[in-house]
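K.L.:
here you go, sequence then predicted model.
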Amino acid sequence: MKERPILFSAPMARAILEGRKTMTRRVIKPQPVALGDEGRRTSYSWRGGIYALQFYPDRSDILDRCPYGQPGDRLWVREAWLYDDYMHDMTEGVPDLPGGAYSHRLVYRASNPDYPMTIGSERWHPSIHMPRWASRILLEIASVRVERVQDISDTDAEREGVGGNDPGGMLSFREHFRELWDSINAKRGYGWDTNPWVWVVEFKKVDP
C-alpha cells in the first residue's frame, strides 16, 4: 500500500466530509494521441519514454501508470488551511506542530470559510502547501479506470459531489459537473468540449 497527496478545493473537501463525493476525475497528462484506428492504438509519453499502447477495449494497459495509485493505495487530502495561536470555538483540534513547543489550532477553510482572523492568525495557506501532518482526510482507492470526460453518467456526476446548491433543480448533476470541470480545466486547455481522457478514481474515506 502506498500513500500519496491529492489536492481538493474547499467545496470538494466539504463534499467528501459530507459523504457526497466518492470519486474524482483528473486529466491524463500528456493526453494519448491516436495512431491509426481511433481508440485502438495510442502513443503515450511516460516519464520521458514513448509507449505504443493497445488502448482498447478495457484500457488495462494504461491503468498501472495512474499517478494517483492503485486500488488499496491511500490518498491524503491537501486543502486550504491555517493555524491560529489563540483558542477559538470555531477551530478543529489541537495538534502539536512538529519540533515545536507550542500547540496551535488548525482551521480548515472547507469547514470554516468565514473564520474570524485575529492577531495570532495566519492567512489561509493554499492546499498545495499543506504538509502531511496537517491533513485530516484520508482516502482509500477502491478502483481506477480511464475514460473520456464526456462519458460521465448523471449518477457518477452526483458521486463527484456536485449539484448540492441547486434548489430549483434546473440543471442535472452532469450539467453541474460540466460547469465545475470547465471552471477548473478550460483555461488549461482541457475543457469539456475537448473531451479529454481522464483518470477516474473511486475512493472511500477512512480513518486517518
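P.N.:
The structure has been received and is ready for your questions.
K.L.:
mind listing the helices for the chain?
P.N.:
Using DSSP state H, the helices assigned to the chain run over residues 10-17, 60-63, 154-159, 173-185.
K.L.:
bridged to the closest residue to M23 other than its chain neighbours, which residues?
P.N.:
Excluding the flanking residues, the one nearest M23 by CB to CB, 6 or more residues apart in numbering is E202, at 4.5 Å. Every residue, glycine included, has its C-beta placed from N, CA and C. Here E202 sits in beta bridges with M23, S143, going by DSSP bridges.
K.L.:
gap between E202 and R20?
P.N.:
14 Å (CB to CB, to the nearest Å).
K.L.:
low-confidence stretches in the chain?
P.N.:
Per-residue confidence for the chain (pLDDT under 70) gives these ranges: 32-61, 85-104, 117-122, 164-169.
K.L.:
shouldn't A186 be in contact with P196?
P.N.:
No - A186 is not in contact with P196 according to CB atoms under 8 Å; the separation is 10.8 Å.
K.L.:
which of the two has more neighbours?
P.N.:
Just comparing A186 and P196: by other CB atoms under 10 Å the higher neighbour count belongs to P196, 21 against 13.
K.L.:
most packed of the helices of the chain?
P.N.:
Most buried of the helices of the chain, by mean neighbour count (mean count of other CB atoms under 10 Å): helix 10-17, with a mean of 20.
K.L.:
how far off helix 173-185 does that helix point, in degrees?
P.N.:
Angle of helix 10-17 versus helix 173-185, following axes from the mean of the first three to the mean of the last three CA atoms, to 10 degrees, is 130 degrees.
K.L.:
quick one: helix 10-17 to chain centroid distance?
P.N.:
10 Å (CA atoms, centre = their mean, to the nearest Å).
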